[in-house]
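# Sequence below, structure please.
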Amino acid sequence: MSQLKVQSDPSYTPVAASPDEEDGRRKETASKKRVRYMKQVGLFVLTTLGHINFGMGLSWPNTIASDIQRDNKTLLGTEMDLSDWQLDMTSSLLFVGTLPGFLFGGWLVAKLGRRRSMMVVVLPCVLGWSFVAFSFNPSTLLIGRFINGMAYALLVVAVRTYLSEISDTAIRGAAILSAECMKSLGAILIVGIGMLGTWYQIAFFCIAEILFFGLVVVPFLPESPTYLTVTGKEDEARSVLRRLRGSHFDLETEISQLKKHNVRSDGSSGWGVLLKKDIMRKCLIVFGLFAISNFCGTEVIKANAVRILQTSGLSFDRDASSIVVFVLLLGGNIFQALMVDRIGRKKCLILSLVLLVLAYTVLGTYVFMESSAVEEGSDMGGGRWNWIPTACLMVCAFSSSLGIGPTPWMLAVEYFPTSIRSQVMSVCTFFGSLMSFASLQVYSPMQEALTPAGLYWSYSFFAIIGIIYTLTIVEDTTGQKVG
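Prediction:
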């Protein structure tokens, strides 16, 4: 059976849970509901173990930036000398690799299904980390980073689509954000492991982690029930839904609603739906959020925490400070996961952006005054204010992961129904990766052109734009069924 088509009469809009669903839920006791949610949370954890590898890949440039200053020898005995431009590329080339990866991933996840696609991730990810581990010059290193980017794109499309489709509406936001939590955990692990081993030794650890995820964990996960429904496998969908939702849930009502969500009145289907006005409008909203997110420094903080601390005049231990920054990234993700289904996506975005404006403004002012004091041959405050850069970076890390960092990824999933979700998400995240590449690659040139202070003030400016954009354009999906 071919995939069903997508509802849009006149446009596709997520809807609140049906009365039948609410009546069914009222018959369920509180204790059984907690048990059901705990089972789903366990499934979220297993599904997102691969995102630990993604987080390690994102944060890995911090390790090599620190290592080559002490010892630039490779595993094969050659010397690895990286210019600032090449250090930028170790971060940004990962996102270049995601560009073809997202487009291919959108097709593959729709064709093979969510679970099988997660298994396919293993091959390119192992290949990419192998290139990194055995790198003998910058070129081989960058090839590995590009291949890893392709693998992570496929992982993102498969996992986040899957999470949105297996979770209850009431905890869908937390489900999608569990991937961000695991990604932040991976970033912490890579810095911690980097204190014990070299950048190429870490690559072998990453290979082992993704093999465990793809070959041991994923084969035992159920397929997405919504994917099974729209591809005509309703008996399998009922079996999975019964395990996920429990005996108190009206399975036939959910299946009929899924069918209704995935039928378009204009008869269009497949990739061609992306050209429809209602779908393009939602895509443009997500595009705008991705652009604002990246030019608020969201990915720059993750990939260049060590370099930011270096240019800010920090006198503390850089590795320890970097771990603190990534712990706060994880803390922000956890806080949003707990709050996003209660207060909504838009309020999380606003809170995140307001905190970013304050933190970047203070950080830029401090760096400007510090550089002016150095030029005059003095020490601003006798070193009493050296804690400010780390404090500001910590606030930036926490607040970016509280809203503007993960929310574009969330809405790229929630704005679209099942039959085109993976395809449209791949297009949205393709644009997001393009913005990530741009923001990471211009990090050093912007510092030179604007000075570090000007760079941070520019991030503050984009955060202000983000507040206006969120208030006037962004549509909230909290508490709505997405089909």
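# Ends of stretch 215-225, what's the gap?
22 Å (CA to CA, to the nearest Å).
# right, I mislabeled it, should have said stretch 109-119
Across stretch 109-119, first to last residue, CA to CA, it's 11 Å.
# Would you confirm that residue 458 contacts residue 452?
No: the criterion here is CB atoms under 8 Å, and residue 458 misses it with residue 452 at 10.7 Å. Bear in mind the C-beta positions are built from the backbone N, C-alpha and C, glycine included.
# Among these two, which residue is more densely surrounded?
Counted by other CB atoms under 10 Å, residue 458 and residue 452 do not tie: residue 452 has more neighbours, with 21 against 17.
# Let me know the secondary structure of the more buried one.
With DSSP: H, G, I helix; E, B strand; the rest coil as the basis, residue 452 sits in helix.
# For it, give its distance to residue 280.
According to CB to CB, to the nearest Å, residue 452 stands 38 Å off from residue 280.
# Name the nearest residue to residue 223, sequence neighbours excluded.
residue 115 (4.9 Å; CB to CB, 6 or more residues apart in numbering).
# For residue 391, list the residues it contacts.
By CB atoms under 8 Å, 6 or more residues apart in numbering, the contact set of residue 391 is empty.
# Assign it to helix, strand or coil.
On the basis of three-state DSSP, residue 391 is classed as helix.
# Look at it and report its pLDDT.
Residue 391 carries a pLDDT score of 82 in this model.
# Same question for the one 4 residues further on.
At residue 395, the model reports a pLDDT of 87.
# And for residue 327, nearest residue in space, chain neighbours not counted?
Nearest one to residue 327, counting by CB to CB, 6+ apart, is residue 188 at 6.0 Å.
# State the distance from the one you found to residue 243.
Distance from residue 188 to residue 243, by CB to CB: 32 Å.
# Looking at the two, which is more packed in?
Between residue 188 and residue 243, residue 188 has the larger neighbour count (other CB under 10 Å), namely 22 against 15.
# and that one, what does it touch?
So residue 188 contacts 55, 59, 323, 326-327, 330 (CB under 8 Å, 6+ apart).
# Which single one of those is nearest to residue 234?
The shortest gap between residue 234 and any of those belongs to residue 55, at 36.6 Å (CB to CB).
# Spell out which residues sit in contact with the closest residue to that closest one other than its chain neighbours, please.
The shortest distance from residue 55 to any non-neighbouring residue, by CB to CB, 6+ apart, is to residue 186 (2.5 Å). Applying CB under 8 Å, 6+ apart to residue 186 gives the contacts 51-59.
# and the helix or strand harbouring residue 186, which residues are buried?
Using DSSP states H and E, residue 186 sits in helix 172-194. Using 16 or more other CB atoms under 10 Å as the test for burial, helix 172-194 gives 172-191, 194.
# Skip ahead from the helix or strand of the chain with the lowest mean pLDDT and say which helix or strand is next.
When the helices and strands of the chain are compared on mean pLDDT, DSSP states H and E, helix 19-26 comes out lowest with a mean of 46. Using DSSP H and E, the helix or strand that directly follows helix 19-26 along the chain is helix 30-47.
# I'd like the average pLDDT over that following helix.
87.
# Can you spell out which helices and strands pack onto it?
Secondary-structure packing of helix 30-47 (3 or more CB pairs under 8 Å, 6 or more residues apart in numbering; DSSP states H and E): helix 138-166, helix 172-194, helix 234-245.
# So what does residue 76 have for phi and psi?
phi -90, psi 0 (degrees, to the nearest 10).
# Spit out the contact partners of it.
Per CB under 8 Å, 6+ apart, neighbours of residue 76: 134, 136.
# picking that back up, out of the helices and strands packed on helix 30-47, which is closest to residue 420?
Once those are compared by CB to CB, helix 138-166 is nearest, at 10.7 Å.
# Off-centre distance for the closest one?
Computed by CA atoms, centre = their mean, to the nearest Å, the chain-centroid distance of helix 138-166 equals 11 Å.
# buried ones in it?
138, 140-166.
# Could you report the separation of residue 289 from residue 167?
Computed as CB to CB, the residue 289 to residue 167 distance reads 21 Å.
# who has more neighbours, these two?
Relative neighbour count places residue 289 above the other of residue 289 and residue 167, with 26 against 21, counting by other CB under 10 Å.
# picking up where we left off before, which residues does the residue nearest to residue 223 contact?
162, 218, 221-224.
# Now for the residues you listed: which two are most distant?
Largest pairwise distance in those, by CB to CB, is 12.7 Å, between 218 and 224.
# Could you say which helix or strand holds the nearest residue to residue 150 once chain neighbours are set aside?
In space, and not counting its chain neighbours, residue 150 is closest to residue 101: 3.7 Å by CB to CB, 6+ apart. Counting by DSSP H and E, the element that carries residue 101 is helix 84-112.
# and the next helix-or-strand element following that helix, how far from the chain's centre?
Using DSSP H and E, the helix or strand that follows helix 84-112 in sequence is helix 114-120. Its chain's C-alpha centre and that of helix 114-120 lie 18 Å apart, by CA atoms, centre = their mean.
# any idea how far residue 285 is from residue 411?
The value you get for residue 285 to residue 411, if CB to CB is used, is 7 Å.
# Looking at the two, which has the bigger crowd around it?
A count of neighbours by other CB under 10 Å puts residue 411 above the other of residue 285 and residue 411, at 24 against 19.
# so where's the stretch 151-300 of the chain uncertain?
When residues are selected by pLDDT under 70, those of the stretch 151-300 of the chain lie in 247, 259-274.
# again with the stretch 301-450 of the chain
In the stretch 301-450 of the chain, residues with pLDDT under 70: 303-322, 374-384.
# where along it do the helices fall?
Along the stretch 301-450 of the chain, counting by DSSP state H, counting those that start in this stretch, helices occupy 318-343, 345-375, 388-399, 407-414, 418-441, 443-472.
# hey, which of those helices is tucked in deepest?
Mean neighbours per residue, mean count of other CB atoms under 10 Å, is largest over these for helix 407-414, with a mean of 27.
# elements contacting it?
helix 138-166, helix 172-194, helix 277-294, helix 345-375, helix 418-441.
# Mind putting those helices into CSV with distance to residue 210?
Compiled in CSV, those are given as follows (distance: least, CB to CB, whole Å):
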stretch, distance to residue 210
helix 138-166, 8
helix 172-194, 11
helix 277-294, 25
helix 345-375, 30
helix 418-441, 19
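# and of the ones you listed, who's closest to residue 92?
The nearest among the helices and strands packed on helix 407-414, by CB to CB, is helix 418-441 at 3.8 Å.
# before we move on, the earlier item: considering the contacts of residue 186, which is situated nearest to residue 438?
The closest of the contacts of residue 186, once distances to residue 438 are taken by CB to CB, is residue 58, at 16.1 Å.
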